[in-house]
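Student: When you get a sec, could you give me coordinates for this:
(2 chains)
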Amino acid sequence: MSNDMNGLVKALADLDEGGVETLVRESLSQGMAPEAIITELSAGMAEVGERFRQEEYFLTELIYSGDIFKNAMTVLKPLCKTAADAKTRGVVVMGTVQGDIHDLGKNIVVTLLECAGFTVVDIGVDAPAQRFVEAVAQSQAVLVGMSMLLTTAFDAARETIAAFTQANLRDKVKIMIGGSVTTDAVCQDMGADFWGRDATAAVDIAREVCQ
Amino acid sequence: MNARERLAAVVALQKPDRVLVAPLLDHYAATYSGYTNAEIMFDGRKRIAAVIKTATELGPWDMTFLADTANATLLQMGVPIPIKLPGRDLPANATHQFHETEFLTPDDYALLQRKGMIRFMMDVMARLKPEWKGLRGFVPLTKTMLEYRCHAKMVKSRGMEVAVGFVHPGVLYEWFSLGRGMTAMSTDTFKRRDAILAAGKVWAKGMADLAILASRFVGVPRVFIGQSRASPEFISRRNFETLVLPDLEYTVNRLVAAGITPIIHSDTNWTKFFEVFLRFPARKCILELDGRSDIFKAKEILGDHMCIMGDVPATLLATGTRDEVLAYCRRLIETVGKGGGFILSSGCSLPNNAKGENVRALYEAVEKWGWYS
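Tutor: Below you'll find the predicted structure:
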């Protein structure tokens, strides 16, 4: 992509915040449809993701690019004729399980998912099982992400999975877990479907589930 | 050899009589001793009783931490964001948790430069805890230092070494990453580089002065240096070398010059930056890993340069079997411990819900496989 990137795609991929602001403004004034501008910004985010995969970029670059993207979206979204959600790749419910208030890992995943085109219902930290279940029931999400940084949160994660079964939603939703204390063995033991080793793995899982 | 001689040998990369065992103890001391987390966080006598009971009965360990991160006063003085504490904001047996918000502002870089490190820290403490405003902040600080020195003596009188005499919260990039929040800090990384660099120098000097003074007062010539968000999981090599390494190198060199051994506590995955640690003085530092870095790679790259400490993962200690823990410890001892320069420890803190038999297995592994012929 690098050789034929247009200005806006390149500005975002190069983390040129001022350049993105200017180009969004100019594009709008030249009559470009907001949806088309969003498409270019999404291409810029895809290039950021590619540079992350190539280890040219790291989490700070990802987070900063997400910030630039969101700032541009605050200008563009109100101008869209169609609801942005109509173009969503899928809905994901994200939360940190009950008893754990760490939000850094969850927030990174939320940012990456949004930048990858998913609609995220962020239910916050210390989220009881019922809040996860209600969020899925209301949003029709097909994927749930449970974040945890404490081994003592494993029981709450198990209870959350059990709550989906009790609500007859378990076969309608896939569940992924993530956080520094989680492993594939923990994932299997608690009956989750996926283990996200890191934030980019979580996005790959979302793509797989929502394709 | 006694614990002190053993420790001196591994830091100097000489072969001791056996591998040292020194898990990172904080909240687990409450679990094992039958106290609540709230009790040990707010009551120094219960905390030290729990530390000594745990380190003695599940070992005896060669070295123990004084449950520094289960000390409510220390935490509230050193962490620049609101903390939820057991017994106050959380159930009595919960682990404390940081409530990560954008607490520090962009203006705080300039404020730190203007006020200097100590007065800036006092200012931040007062924002978090108004009853510590001004000189009143020195009351808990003085009490804590006196208590810490007393607790260190109690541990040493039982033949164990105290891990650290001071907990250095890391270079400015680390501390501000917590206080600003990772999103704001990521933005600062690109938009406020000069502020980070300028404030970082003030922070590094002030914190090194304080660390040297405090560890001498406590009588423990080792200082914990915390780091996690400056790791290659978060920032690029270029940003690390520009925004972090100069301050880290300054801190390590200052401590070493003062006869203090830095314990560079490195959470998250630092494997890609291991070569950088070759710049630190040889045979003077301990690199502590939490289970996410490749400790076996650390041995390959740094084994002739610095002592390595770690890294039985928290999840294994909480959910694994005793045999699995023993097997992992044996692998560590026989590879990372080969030829010396290794301290067997937990990967970061022992988790609250670790199984007693799993924690005990660290000492058992050392007794069984850790003796050098």
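Student: Can you pull the residues of the stretch 201-350 of chain B lying near chain A?
Tutor: Residues of the stretch 201-350 of chain B found near chain A (CB under 8 Å from any CB of the partner chain) are B:232-236, B:239, B:268, B:292, B:314-315, B:317-319. Where you see a C-beta, it was placed from the backbone N, CA and C, and this is true even at glycine.
Student: what's the neighbour count on the residue of the stretch 151-300 of chain B found nearest chain A?
Tutor: Per CB to the nearest CB, B:Ser186 is where the stretch 151-300 of chain B lies closest to chain A, at 3.8 Å. Residues lying near B:Ser186 (other CB atoms under 10 Å in any protein chain shown) number 27.
Student: Could you tell me how far it is located from B:Ala199?
Tutor: B:Ser186 is 17 Å from B:Ala199, where distance means CB to CB, to the nearest Å.
Student: Where is pLDDT lowest across the residues of the stretch 201-350 of chain B next to chain A?
Tutor: Confidence by pLDDT is poorest for B:Glu233 among those, given 88.
Student: Please verify my assumption that that residue contacts A:Glu55.
Tutor: No: between B:Glu233 and A:Glu55 there is no contact under CB atoms under 8 Å: 11.2 Å.
Student: ok, the two, which is more surrounded?
Tutor: Neighbour totals were compared for B:Glu233 and A:Glu55, and B:Glu233 leads with 20 against 11 (other CB under 10 Å).
Student: how close does that one get to B:Trp270?
Tutor: 8 Å.
Student: Show me which residues of the stretch 51-200 of chain B sit near chain A.
Tutor: Neighbours of chain A within the stretch 51-200 of chain B, by CB under 8 Å from any CB: B:84, B:94-95, B:97-100, B:182-183, B:185-187, B:189-191.
Student: Please narrow these to those residing in helices.
Tutor: B:Met182, B:Thr183, B:Met185, B:Ser186, B:Thr187, B:Thr189, B:Phe190, B:Lys191 (DSSP state H).
Student: residue contacts, the residue nearest to B:Gly370 when sequence neighbours are not counted?
Tutor: Nearest residue to B:Gly370, sequence neighbours excluded (CB to CB, 6 or more residues apart in numbering or on different chains): B:Val19, at 3.6 Å. Residues in contact with B:Val19, defined by CB atoms under 8 Å, 6 or more residues apart in numbering or on different chains, are B:Ile333, B:Gly337, B:Phe342, B:Ile343, B:Leu344, B:Val366, B:Gly370, B:Tyr372.
Student: Of the residues you listed, select the buried ones using a ChimeraX command.
Tutor: Here is the ChimeraX command that selects the buried residues among the contacts of B:Val19 (16 or more other CB atoms under 10 Å in any protein chain shown):
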select /B:333,337,342,343,344,366,370
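Student: worst-scoring helix or strand of chain A, pLDDT-wise?
Tutor: Ranking every helix and strand in chain A by mean pLDDT, DSSP states H and E puts helix A:104-115 at the bottom, with a mean of 83.
Student: of all the residues of the stretch 201-350 of chain B next to chain A, which two lie farthest apart?
Tutor: B:Asn239 and B:Thr319 (35.5 Å; CB to CB).
Student: how about the longest helix anywhere in chain B: buried residues?
Tutor: Secondary structure assigned by DSSP H gives helix B:193-218 as the longest helix of chain B. The neighbour-count check on helix B:193-218 (16+ other CB under 10 Å) flags B:195-200, B:202-208, B:210-212, B:214-215, B:218 as buried.
Student: and the helix or strand following it, which strands flank it?
Tutor: Using DSSP states H and E, the next helix or strand after helix B:193-218 towards the C-terminus is strand B:222-227. Note on strand B:222-227: by DSSP bridges, its sheet partners are strand B:166-168 (parallel), strand B:261-266 (parallel).
Student: Make TSV out of those strands and add mean pLDDT and mean neighbour count.
Tutor: Formatted as TSV, those follow (pLDDT from 0 to 100; neighbours: other CB atoms under 10 Å in any protein chain shown):
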stretch	mean pLDDT	mean neighbour count
strand B:166-168	96	25
strand B:261-266	98	25
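Student: quick one: the lengthiest helix in chain A to helix A:104-115, angle?
Tutor: Scanning chain A for the longest helix, with DSSP H as the assignment, gives helix A:34-53. If you take axes from the mean of the first three to the mean of the last three CA atoms, to 10 degrees, helix A:34-53 sits at 130 degrees to helix A:104-115.
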